[in-house]
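In: Any chance you could fold what I've pasted below:
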Amino acid sequence: MGTAVVVDDATRTVSRTHAVVRLVNGVPHVEDLGSANGTRIERAGHMIACAVGSPVEMGHGDVLFLGHARLEIRGVAHAR
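Out: Numbers count the residues shown, from 1 in each chain. All right, here's what the predicted structure looks like:
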């Protein structure tokens, strides 16, 4: 069973069930759940779109965008 995270979203761009974050071998991965406004990771100046059914690894310094909401990832090393 997971834990729900509530995101304060004044712009109303985050869906009720926007994305899921799972640990894969101790490394967090995010997957979009079919949100209307998308899920993206910004890493080293490059934007990576998160598609339904295609989890994307997250690591320290990455920025997770749920719609227009911005969440910075800290304290996690990339597996690569």
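
In: On the C-terminal side of the helix or strand where residue 30 lies, identify the next helix or strand.
Out: For residue 30, the element it lies in under DSSP states H and E is strand 27-32. Proceeding N to C from strand 27-32, the next assigned helix or strand is strand 39-43, under DSSP H and E.

In: The next helix or strand after that next one pairs with which strands?
Out: Where DSSP H and E defines the elements, the next helix or strand beyond strand 39-43 is strand 46-49. Each strand that pairs with strand 46-49, with its direction, by DSSP bridges: strand 39-43 (antiparallel).

In: so how far is residue 36 from the closest residue to residue 9 other than its chain neighbours?
Out: Closest residue to residue 9 apart from its sequence neighbours, by CB to CB, 6 or more residues apart in numbering: residue 69 at 5.4 Å. Quick note: C-beta positions are derived from backbone N, CA and C, even for glycine. Using CB to CB, to the nearest Å, residue 69 is found at 13 Å from residue 36.
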